[in-house]
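1. Everything below, folded, please.
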Amino acid sequence: MIRIAVDAMGGDFGPAVTVPASLAFLQGHAGACLTLVGQVDELQKHPQFGQLQTHARCQIVAAAEVVSMDDPIEIALRRKKNSSMRVAINQVKDGAAQAAVSAGNTGALMAIARYVLKTMDGIDRPAIATQLPNAMGGATTVLDLGANVDCTEDHLLQFAVMGSALVAAISNNPSPSVGLLNIGEEAIKGSEVIKKAGELLRSAAKSGDLNFYGNVEGNDIFKGTTDIVVCDGFVGNVALKTSEGLASMIGSFMKTEFSRNIFTKIAAIVAYPVLTAFKNRMDHRRYNGAALLGLQGLVFKSHGSADVFAFERALNRAYDAASNKLLDRVHERIAHAAPILAAASVEHKAEPSLQAAKEPVALH
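-> Below you'll find the predicted structure:
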């Protein structure tokens, strides 16, 4: 049985979303258990909470505090030690759960998860990875999505190794292709960090640690040119928000343009099925649930504004990752790539260091 710890208080809507989503998840997964963490008095206000309390595969764990969406990291990490977010992550640390899911404050979640679980050997910074829909009918895994605004070349190499483990675990593809996001396909283009990252990735490909495709551009994410695209957190977060905005734009267009006159109404009859299918494929809720890779435990981040459907999808992703032993696969990939990761780290430390990573960008 796979047990997932749920921060039931996190996100914009808290129990109004997490309670029904958890119930729907349990109904769809006979091999799963949940540990719902939160303020019991608040949880009891939801009409469906009673079904979870009496469910044979659900456990309720009380937490006295809640990390709000605008809490500074220092407050969440140092002062709210009995928050639902931290208690849920502690469940993973203690071995009581195989994964934790939260829709709460991204910066706080990353800071608490890193403090409680620690990073894997060979990994300097955890990364946030999720899938974006592509034209091939599947999805492209992109990382980092906001945990690290400033990245060195060895960080990008680490992201590529971890991303390869993630995709291999969830797609049964043992050698997923990796692209390095750049302003052009040519190796001579890009910043010095990107050029050096390209050299490291090519070396990793020669040693059999990666299936490196080469440089890719922004449109390649949605073309599905590679299975994985690696970039810094600032660029990745922009790509994520662009993808979400496109689906919203299509929905707004369908509501407004097709109701103006008889001609647009006729056009709507013809185009509506196609646009509906496209809108559904681009619906960011279907891809909700970003993995925090590089930690010694599985943690997944849901959008703060997730509805019931989207939060259930995040629970599904956590369940799939735990079922497919993602943590072990990341460990194996890192161990295999240890020589090249260590060499890259030593070379970078011999150079002037970049500015320290800033607070993670919110995946709200």
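2. pLDDT weak spots in the stretch 201-350 of the chain?
-> Where the stretch 201-350 of the chain drops to pLDDT under 70, the residues are 246-283, 345-350.
3. What is the burial count for Gly138?
-> Under the neighbour criterion other C-beta atoms under 10 Å, Gly138 is assigned a count of 12. Heads up, the C-betas are built off the backbone N, CA and C, glycines and all.
4. Look up phi and psi at it.
-> Backbone geometry at Gly138, expressed as degrees, to the nearest 10, gives phi -120, psi -140.
5. pretty sure it contacts Gly224?
-> Yes. Gly138 lies in contact with Gly224 (C-beta atoms under 8 Å); the separation is 6.2 Å.
6. ends of stretch 36-48, how far apart?
-> Using C-alpha to C-alpha, to the nearest Å, the end-to-end distance of stretch 36-48 comes to 13 Å.
7. what about it, average pLDDT?
-> Stretch 36-48 carries an average pLDDT of 96.
8. where do the helices sit along the stretch 51-200 of the chain?
-> With DSSP state H, counting those that start in this stretch, the ranges of helices along the stretch 51-200 of the chain come out as 73-74, 84-93, 106-117, 153-171, 192-206.
9. got the angle between the last one and helix 153-171?
-> The one in question is helix 192-206. Interaxial angle, helix 192-206 versus helix 153-171 (axes from the mean of the first three to the mean of the last three C-alpha atoms, to 10 degrees): 50 degrees.
10. Quick check: Gln98 touching Gly31?
-> No. With contact defined as C-beta under 8 Å, Gln98 does not reach Gly31; the gap is 11.7 Å.
11. so what sits against both of those two?
-> Taking C-beta atoms under 8 Å, 6 or more residues apart in numbering as the criterion, Gln98 and Gly31 both touch Ile2.
12. quick one: which of those two has more around it?
-> Set side by side, Gln98 and Gly31 show more neighbours around Gln98, with 24 against 9, by other C-beta under 10 Å.
13. For the nearest residue to that one once chain neighbours are set aside, which residues are in contact?
-> The spatially closest residue to Gln98, leaving aside those adjacent along the chain, is Ala322, at 3.9 Å (C-beta to C-beta, 6 or more residues apart in numbering). Ala322 sits next to 2, 4, 98-99, 298 when contact means C-beta under 8 Å, 6+ apart.
14. From these, pick the one nearest Gly38.
-> Minimum distance to Gly38 across these is 14.2 Å, recorded for Ile4 (C-beta to C-beta).
15. Can you classify that closest one as helix, strand or coil?
-> Here Ile4 is strand, with the state taken from DSSP: H, G, I helix; E, B strand; the rest coil.
16. looking at the sheet around it, what are its partners?
-> Taking DSSP bridges as the rule, Ile4 bridges to Leu34, Ala99.
17. Distance check, it against Val230.
-> Using C-beta to C-beta, to the nearest Å, Ile4 is found at 27 Å from Val230.
18. tell me the domain ranges of this protein?
-> Using automatic domain parsing, the domain parsing of the chain gives 2-117, 127-285+329-349.
19. Could you point out which of those domains sits nearest Phe311?
-> Closest among the domains of the chain, using C-beta to C-beta: domain 2-117, at 3.9 Å.
20. Now do the end-to-end distance for that closest one.
-> One end of domain 2-117 sits 19 Å from the other (C-alpha to C-alpha).
21. For the protein, which segments are assigned as strands?
-> 2-7, 32-38, 58-62, 99-102, 127-133, 139-143, 177-181, 211-216, 228-230, 290-293, 298-301 (DSSP state E).
22. Spit out the contact partners of the residue nearest the centre of the chain.
-> Residue closest to the average C-alpha location in the chain (C-alpha atoms, centre = their mean): Ala290, at 1.4 Å. By C-beta under 8 Å, 6+ apart, the contact list for Ala290 reads 128-130, 145, 300-302, 363.
23. so it bridges to which residues?
-> Residues in beta-bridge contact with Ala290 (DSSP bridges): Lys301.
24. I appreciate the help and will end here.
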